[in-house]
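K.L.:
Starting from these lines, generate the structure:
(chains A, B and C)
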Amino acid sequence: MSELKLEQINKSFGKKTILSNINLSFSENKIYGLLGRNGAGKSTLLNIIVNRIFADSGMVRIDGENINDNDRKLDLMYLMSEVDLYANGDKLSKILENTEKLYGGFNWELSEKLAKKFEINLDQKYGKLSTGYHSIFKLIIALCVPVKFVILDEPILGLDANHRDLFYSELLQSYSDNPRTFIISTHLIEEVTNIISDVVILDNSRILLAAPVEEILDQAYGIVGPQNEVDDYTKGLNIIGTDKMGNLKTTYVYGNLNDNPVPDTVQISNLDLQKLFVLLTSKNGGNN
Amino acid sequence: MKIGPTTNYLLQKQLKILGLAYIYSFAFLIVLPFLLYLLSGDISAYSFSNALVDTPISGIFYIYMIVISLLSYENFKFLIQNGISRKTFFISQLKVYLIIGLIGNIINQIYNYLIVYPLNMDTFKSLSLFQSFYENTFSNPFLNGVLGFVFGYLMIMSYSLTSMAIGSFLSLFSRKMQRAIIIMIPIAGVITLVFLVKLVIDHQFIDTWMADFAKWLLGYANDDLTTAKPYHLMVWCFGWDLIMLYLSKVFYSKKQIKKA
Amino acid sequence: MIGLKNMKFKFNDTDPIYLQVANQIEDAIFNGSFLEEEQIPSTTEISKNFHINPATVLKGMNILVNKSLIYKKRGLGMFVSKGAREIIIEHRKELFYDQFVTDFVREAKNLHISEANLLDLIKRGYNK
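P.N.:
Sure thing, here's the model as predicted:
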C-alpha cells in the first residue's frame, strides 16, 4: 500500500501565509477532491507535494520516505497543472517519447485511443495548441504515465462540455482498469461530486475538512419550515447557514442532529457537496 | 536514481544544439562570405584558407556553452514535471558537460592542429594559448600533444562549469531580475576594469602583486616566454572547477518552479 | 447484454448515491428493462456513463446481491437472478401500505374526502 503523507506543511510568500500547518494523508486507490476557493492555496500545496517548490517547513513523505530530491518517490507522482512545463517548440509526439524515457514507461495504447477520441493531432508543436488542448494533452499524459498518484490541478480548464464529459468517462475507465490514487483540484464541484470518494477542503490556508464524501454528506442537513419551529428544533446544533423566504426558513446544519422530535411542519433533507462547500467556505454565509 | 535516462535526454538535446551551432557558424563564417564574393564577381579575392583560419572555432563553443547554461531552467521544468530530482539533474548535466566539453576540445584540437597550424605556420596568427606559450614543455612532441589536449580540456571545462554556475544562479531569479543582473554584470565589469587601469597607472604595474600573480599563473620563468610551463595554470583551473562545481550544486538544489 | 439506454438514471440530491444506484437497477428489473438471467451493465460501464465512483456503484450492486436480485458469474459479470422480479414485487407489496397508503389517506383527510368517497375514487382509478 502506498501512502502519501503531508506533515506540518507551512508556506508563505513574503508576508502572506499560503498554507498553515497542513497535515494530510492520501491513501492508495482512492479518488480525492481537493476543493477550495480561489487563492486558498490548492496549487501551492500540490506544487509542494511534487517537489516543484519548497515548503518553509514540514515534510512530504511516500511510504515514510521524504520525497525531497528523491527520484524513486517523485517517480510515483505526476502533477498536471495550469503552468506549462513543456517547451512550446517541442512536438507533442516527441514530448510523449521523452516522458516515457524519464518515467520509464508509458501506456501507448491508451494515449493513441485518447488522442483519437479527443481529436488531437500529435504531430503538432505544443505551443500551437489552444488552452483547451493544452489541458487535453496534459490529461492524456497524466492517464498514461506509470505512476501511483495522479494529481490534477484544474484538469478541465478550457474544456467544453463534451470534452469534460469524455474526460470524466475516460478517467473512470482508466481508474477501473488500473486503480491508483487520484487527487483532483477543481472549481466545478458538481461535476466531480459522485466521482470522488474523499474530499479535502482547503480554506484560509488551513484544512477545513478531510473525510469520505459519504460521511460528510451524511451529517449535512437542510432543515426547512416555519421560522419559529425551525429555530426551536435547531437550537444547540452546529448551524452553518440560513436562508429565509418570508416566514419560511431553511437552516443548514453540519454535524449530528439531536433527539428532539421533528415537528410535522419541519422537513429535513441532506445537502449536496456543492451547497455544503459554499456554506462552509463563504465569509458571510454561515453565522460564525 | 534516474541518472542514465536523464543524461541521455540532456545529451541528445544539447548535442543537437551543438551540431547546429557548428553548422550555422560554418554557414555564416565560410559559406556566406564565399557567396558574397561570388555575387560581387570578385571571387579571386576570396581565400578559403583565410576564412578557415579566421573562424573562431573555440569562440563558437564558448557562445554555445553560455546559451546552454542559460537554458537550465527550461530543462528543470521538463525534468521536474517528469519526476526527476534536482540532484539527478545536476549530476546528469555535469556528465553531459564533461562529454560535450570533450567533444568541443577534440574539435578545437583537430581544427588547430590540422587546419590552422599547417595553414598558418609562419604568421603565428590565431594560435591557441597553449600553442603560443607551452608548445615546448616537453622535448617529445607527442607528449606535448597529449599535454595540449589535457590543457585544452581543463580550460574548456573551466569555462563550461563557470557558465553552469552562472546559468544556474540566474535561473533562481525571475526573468525581470535576470535581465537586471545580465545588464549589471558588464557595467560592474567595466567599472572594475577602469579601477584596475587606474591602479596600474597610479602604481607601476610591474611592481604590483597582480603582475606577479599573473606571471606565476602563466608559469613564467626568468621572464622568458619560451620556457613557460602550464602547470600552475592547470592547477588553478582545476581548483576553479571545484569551486564552480560546488556553487552549481548549491544553485541546482535551490531551483523552484516560478509562478507563471 | 442489455444496453445502458434501458437505465434512465435520475439522481436526486438527498439519498446517498449507492442507494440510488441500487434503486435504479431494481426499478429496471421491476419494469422489465433488465430480464432475468440476463447480464446487467458492469460496474465500470455504469461508473463511466454516469460519472460515479466505481466503488460507489459496487456498493449499490452489493445491496442487490444481498437481496438475491442479482448474482455474479465469475469472469462474466453480474446477472439478474431467476425470480428477482417476484422478490421485488413481494417486497414492494409489503412496503405498499407504509409507503403509499398512509400518505394517501392523510392527504384525503386533509382534503375532507370521506372513506366512501375515497373508495369510489379508487374504483374509478381501477376502471380507467
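K.L.:
which ones are touching residue A:177?
P.N.:
residue C:44 (C-beta atoms under 8 Å, 6 or more residues apart in numbering or on different chains). Just so you know, the C-beta spots here come from the backbone N, C-alpha and C atoms, and that holds for glycine as well.
K.L.:
residues from the stretch 51-200 of chain B in reach of chain A?
P.N.:
Listed as neighbours of chain A in the stretch 51-200 of chain B under the rule C-beta under 8 Å from any C-beta of the partner chain: B:74, B:77-88.
K.L.:
Of those, which pair is most distant in space?
P.N.:
The most widely separated members of these are B:74 and B:87, with 18.7 Å between them, by C-beta to C-beta.
K.L.:
Mind putting the residues of the stretch 51-200 of chain B next to chain A into TSV with distance to residue A:104?
P.N.:
Below are these laid out as TSV (distance: C-beta to C-beta, whole Å):
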residue	distance to residue A:104
B:74	22
B:77	20
B:78	16
B:79	14
B:80	16
B:81	15
B:82	10
B:83	9
B:84	11
B:85	14
B:86	19
B:87	18
B:88	13
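K.L.:
Just the buried ones among these, please.
P.N.:
The neighbour-count test (16 or more other C-beta atoms under 10 Å in any protein chain shown) marks B:77-88 as buried among these.
K.L.:
Format these as CSV; extra columns: secondary structure.
P.N.:
Formatted as CSV, these follow (DSSP: H, G, I helix; E, B strand; the rest coil):
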residue, secondary structure
B:77, helix
B:78, helix
B:79, helix
B:80, helix
B:81, helix
B:82, coil
B:83, coil
B:84, coil
B:85, coil
B:86, helix
B:87, helix
B:88, helix
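K.L.:
ok, those vs chain C, which is closest?
P.N.:
Of all those, residue B:83 has the smallest distance to chain C: 26.5 Å, by C-beta to the nearest C-beta.
K.L.:
Now do the contacts for that closest one.
P.N.:
A:50, A:71, A:74-78, A:102-103, A:147, B:2 are the contacts of residue B:83 under C-beta under 8 Å, 6+ apart.
K.L.:
just to revisit the earlier point, so for the residues of the stretch 51-200 of chain B next to chain A, which is the shakiest by pLDDT?
P.N.:
Of all these, residue B:74 has the smallest pLDDT value, namely 92.
K.L.:
what's the distance between it and residue A:2?
P.N.:
In this view, residue B:74 and residue A:2 are 31 Å apart by C-beta to C-beta, to the nearest Å.
K.L.:
quick one: buried residues of stretch B:38-54?
P.N.:
B:46, B:51-53.
K.L.:
Please identify which helix or strand holds residue C:86.
P.N.:
Residue C:86 is part of helix C:84-96 when elements are defined by DSSP states H and E.
K.L.:
and if you look at residue B:32?
P.N.:
Short version, using DSSP H and E: residue B:32 is in helix B:32-40.
K.L.:
ok, then the element right after that helix?
P.N.:
Criterion used, DSSP H and E; the element after helix B:32-40 is helix B:48-54.
K.L.:
which helices and strands does the helix or strand just after that following helix pack with?
P.N.:
For helix B:48-54, the following helix or strand on the C-terminal side (DSSP H and E) is helix B:57-70. Applying 3 or more C-beta pairs under 8 Å, 6 or more residues apart in numbering or on different chains; DSSP states H and E, we find helix B:57-70 packed against helix B:3-26, helix B:86-110, helix B:141-170.
K.L.:
which helices and strands sit right next to the helix holding residue B:32?
P.N.:
By 3+ C-beta pairs under 8 Å, 6+ apart, helix B:32-40 packs against helix B:48-54.
K.L.:
and the helix it packs on, how far from the chain's centre?
P.N.:
The chain centre lies 22 Å from the centre of helix B:48-54; the measure is C-alpha atoms, centre = their mean, to the nearest Å.
K.L.:
need the strands for chain A, in chain order.
P.N.:
A:4-13, A:16-26, A:31-36, A:57-62, A:65-66, A:77-80, A:149-153, A:181-185, A:198-203, A:206-212, A:220-226, A:239-245, A:248-254, A:267-270 (DSSP state E).
K.L.:
how deep is residue 66 tucked in, by neighbour count?
P.N.:
Answering for chain A, as no chain was given. Around residue A:66 there are 13 other residues, counting by other C-beta atoms under 10 Å in any protein chain shown.
K.L.:
look at chain C instead
P.N.:
Neighbours of residue C:66 (other C-beta under 10 Å): 10.
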